[in-house]
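[1] next comes the sequence, and after it the predicted model I'd like to discuss.
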Amino acid sequence: MILAFSTINLVANVVLYSSTRKPIYLRLGLFWAFLVLNFGVQYLVREASEFWIISSFVFVIIPALFLAHASVEFTGQRFPLKTFLAVGAAAILMTVVLDFFPLPFYARAIPIAWVSASIMWYGFYVLMIKEGNHSSRLIKLHSLVLLFGGLHMSNFPFLRMDPSAEVYAWPIAYVLGQVLATLLPAVTLDYYRRQEESRLKSIIDEKTRDLVQTNKQLRQSVAEKQFLFRTLSHDISSPLTILQGHIELYRRTNDATKLVASVATITDRIAKLIQQVKTYEANQKGSANIEVTGVALEGCVREVAGLYENSLKAKALRLSLDFDPNAETMALVERNSFIGSVLSNLLNNAIKFSYPTGHITIRIETPSDHLCRLTVRDDGMGIPAAMLPT
């Protein structure tokens with residue numbers, strides 16, 4: 001019955017290998033082939049000399065090699081096949097040498113038995129120790145059967161010559177082999193399933209990180225757009241305020257000279273603001289070409305002060321320009337942004353938050369040859385302490 005069942009397994013694995021070409025079925029087929037051959041050899045030597053009984057156990061090494069190799073192959077760990085073949089050859093040679101000495105059966109059988117056992121134990125070591133952190137319960141069960149299979153093989157020197165060995169020793173060995181050969185396809189599929197789950201989880205985690213990063217970039221982009229719109233609204237309101245002042249002056253004096261000049265200047269400023277928005281968009285795309293040039297701060301201050309002349313008069317504010325009128329303090333800036341946004345906003349805010357009849361001072365200082373400082377100071381309400389940066 002055992003021989004027939006082994007033959008059925010042999011045929012089944014040959015069919016599976018021919019249809020799938022998976023190495024695991026080839027090795028399992030070879031395992032069953034040599035197991036069938038081993039049964040035949042053991043039957044032939046059952047009444048032979050002790051030397052041939054021991055030598056016949058070599059046919060256990062070969063199926064053990066195929067079984068252990070198949071047991072660790074799916075993990076990606078290297079199986080030391082050449083090492084075990086060399087050790088097996090050395091064990092056979094040692095058995096031949098020991099046969100010349102008057103030693104008991106178990107002493108002469110130990111080398112081959114323990115080589116066979118070590119093959120099974122290596123499979124246990126790989127699955128339980130090296131792959132322990134990645135092993136499922138099924139793989140751990142398989143590794144334990146490998147361990148017990150090795151222990152059973154190591155007892156061959158002490159059990160083989162027992163008259164009852166054929167009653168329990170060989171059936172146990174066969175059952176262990178059958179369990180291993182049955183578990184192995186399931187173990188392999190389970191391992192590959194968990195590997196695929198791990199791979200898919202890694203992909204999902206990577207995609208999740210990408211989505212989080214993309215969302216972060218989108219939120220940042222939205223925040224930048226909102227900031228741009230707030231800034232743009234503020235920057236457009238400043239020249240419109242100036243224009244309203246000149247319109248009011250025209251109504252009182254009927255003098256269109258300043259109104260026309262103001263309209264021309266403010267139209268130019270708004271056009272430059274639109275260009276700044278375009279520059280910002282180009283900068284976001286990485287194609288911006290911002291031209292930084294040297295400008296005289298004194299000339300920029302006088303230009304902005306002239307634009308806000310009516311706003312200053314409307315609140316009876318006095319503007320002091322604290323710098324040498326003949327000096328030219330050069331600074332590297334983008335001129336349109338510096339005048340249209342930086343200086344205009346500073347002076348506009350100073351006017352807006354100053355008390356009527358107040359005083360505003362614009363000061364230019366040069367603490368060193370490579371440093372200049374521009375300060376806009378007013379005597380208005382100031383910024384609450386809670387809103388100041390710490």
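    Good, I have the coordinates.

[2] the nearest residue to Gly382 once chain neighbours are set aside: how many residues sit nearby?
    Spatially, and ignoring its direct neighbours in sequence, Gly382 is nearest to Phe353 (7.8 Å; C-beta to C-beta, 6 or more residues apart in numbering). Placement of C-beta: from N, CA and C, glycine included. Residues lying near Phe353 (other C-beta atoms under 10 Å) number 14.

[3] is it true that Phe353 touches Val376?
    No: if you go by C-beta atoms under 8 Å, Phe353 and Val376 don't touch, sitting 11.3 Å apart.

[4] please enumerate the strands of the stretch 151-300 of the chain.
    Secondary structure of the stretch 151-300 of the chain by DSSP state E, counting those that start in this stretch: the strands cover 293-296.

[5] and Thr366, what element?
    Assigned by DSSP states H and E, Thr366 belongs to strand 359-368.

[6] mind listing what the spatially closest residue to Pro239 that is not a sequence neighbour touches?
    Using C-beta to C-beta, 6+ apart and skipping the chain neighbours, the partner closest in space to Pro239 is Ile266 (4.1 Å). Residues in contact with Ile266, defined by C-beta atoms under 8 Å, 6 or more residues apart in numbering, are Pro239, Leu240, Ile242, Leu243, Leu307.

[7] got a markdown table for those residues, with pLDDT too?
    Below are those laid out as a markdown table (pLDDT from 0 to 100):
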| residue | pLDDT |
| --- | --- |
| Pro239 | 71 |
| Leu240 | 73 |
| Ile242 | 69 |
| Leu243 | 71 |
| Leu307 | 81 |
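
[8] can you give me the helices in the stretch 251-390 of the chain?
    When assigned using DSSP state H, counting those that start in this stretch, the helices of the stretch 251-390 of the chain occupy the ranges 256-284, 297-307, 309-314, 335-337, 344-352.

[9] would you turn these into JSON lines with distance to Tyr122?
    As requested, these are arranged in JSON lines below (distance: least, C-beta to C-beta, whole Å):
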{"stretch": "helix 256-284", "distance to Tyr122": "61"}
{"stretch": "helix 297-307", "distance to Tyr122": "82"}
{"stretch": "helix 309-314", "distance to Tyr122": "90"}
{"stretch": "helix 335-337", "distance to Tyr122": "73"}
{"stretch": "helix 344-352", "distance to Tyr122": "77"}
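
[10] mean pLDDT lowest for which of those helices?
    When those are ranked by mean pLDDT, helix 256-284 comes last with a mean of 69.

[11] any idea how this structure splits into domains?
    Domain assignment for the chain by automatic domain parsing gives 2-207, 292-384.

[12] which of the ones you listed is buried the deepest?
    domain 2-207 (a mean of 17; mean count of other C-beta atoms under 10 Å).

[13] work out the gap between it and the centre of the chain.
    40 Å (C-alpha atoms, centre = their mean, to the nearest Å).

[14] try stretch 231-238
    For stretch 231-238, the distance to the chain centre is 43 Å (C-alpha atoms, centre = their mean).

[15] now swap in stretch 313-332 and tell me
    56 Å.

[16] next one: stretch 298-313
    Remark: stretch 298-313 is offset 56 Å from the chain centroid, using C-alpha atoms, centre = their mean.

[17] among the domains of the chain, which is nearest Asn254?
    Evaluated over the domains of the chain, closeness to Asn254 peaks at domain 292-384, with 15.3 Å, by C-beta to C-beta.

[18] just the endpoints, please. Distance across the closest one?
    One end of domain 292-384 sits 35 Å from the other (C-alpha to C-alpha, to the nearest Å).

[19] and that domain, how far from the chain's centre?
    51 Å.

[20] what's the distance between the most centrally placed residue in the chain and Leu218?
    When C-alpha atoms, centre = their mean is applied to the chain, the residue found nearest the centroid is Glu206 (5.9 Å). For Glu206, the distance to Leu218 (C-beta to C-beta, to the nearest Å) stands at 19 Å.

[21] for Pro239, give its distance to Ser341.
    From Pro239 to Ser341 the distance is 11 Å (C-beta to C-beta).

[22] picking up where we left off before, quick check: the farthest pair among the contacts of Ile266?
    The widest separation within the contacts of Ile266 (C-beta to C-beta) is 11.7 Å, between Leu240 and Leu307.

[23] can you list the domains of the chain in a markdown table and add distance to Thr253?
    A markdown table is the format used below for the domains of the chain (distance: least, C-beta to C-beta, whole Å):
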| stretch | distance to Thr253 |
| --- | --- |
| domain 2-207 | 69 |
| domain 292-384 | 11 |
